[in-house]
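Trainee: Kindly return the folded structure for what I paste below:
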Amino acid sequence: PALLGSEALFSLSVQLSVPAISLSPSVADAQRAINSVCKLLLAVTKKVPLHFGGGNVGGSMFDELAADREVVTMLLLLTGSVERARRSVQAFLDSLGAFAWLWDMGLGDKYARFRG
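Mentor: From the prediction side, this is the model:
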């Protein structure tokens with residue numbers, strides 16, 4: 001069963017601030033947020049002792065998670081997905097450069113050309 005639905009973890013928007021096109025928040029900010037959440041979750045699991053059958057068996061939840069290949073694989077996939085998203089977003093932003101003429105020329109220049 002899927003742990004997450006099809007909803008996005010982050011909502012990003014493309015913004016034009018002449019002469020640049022940017023993403024808000026940046027992919028780097030999204031990566032930092034994901035990293036912070038992962039670190040906090042892992043730090044909390046270090047404090048949770050393992051209990052099986054009513055008794056403390058030693059170790060922590062962190063030890064169990066770190067030993068679980070599936071959990072480690074998911075964390076690596078999450079990191080890789082942000083990198084792939086970063087490349088995809090950069091390609092999209094680069095593709096908007098074809099329209100730079102719309103904001104590179106000043107309004108006065110456009111009007112003068114129109115009148116000329």
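Trainee: Residue 14 in helix, strand or coil?
Mentor: For residue 14, the assignment made with DSSP: H, G, I helix; E, B strand; the rest coil gives strand.
Trainee: Check whether it really touches residue 21, as I assumed.
Mentor: Yes - assessed by Cβ atoms under 8 Å, residue 14 is found in contact with residue 21 at 6.3 Å. Just so you know, the C-beta spots here come from the backbone N, C-alpha and C atoms, and that holds for glycine as well.
Trainee: Quick one: low-confidence residue ranges for this structure.
Mentor: For the chain, the stretches with pLDDT under 70 are 1-10, 53-55, 105, 107.
Trainee: So which residues of it form strands?
Mentor: Assigned by DSSP state E, the strands in the chain fall at 13-17, 20-24, 49-52, 55-60.
Trainee: Tell me, how many residues neighbour the spatially closest residue to residue 51 that is not a sequence neighbour?
Mentor: Leaving aside its chain neighbours, residue 51 sits nearest to residue 57 (7.0 Å; criterion: Cβ to Cβ, 6 or more residues apart in numbering). Residue 57 is flanked by 9 other residues according to other Cβ atoms under 10 Å.
Trainee: residue closest to the middle of the chain?
Mentor: Against the mean C-alpha coordinate of the chain, by Cα atoms, centre = their mean, the closest residue is residue 30 at 3.6 Å.
Trainee: Okay then, goodbye and thanks.
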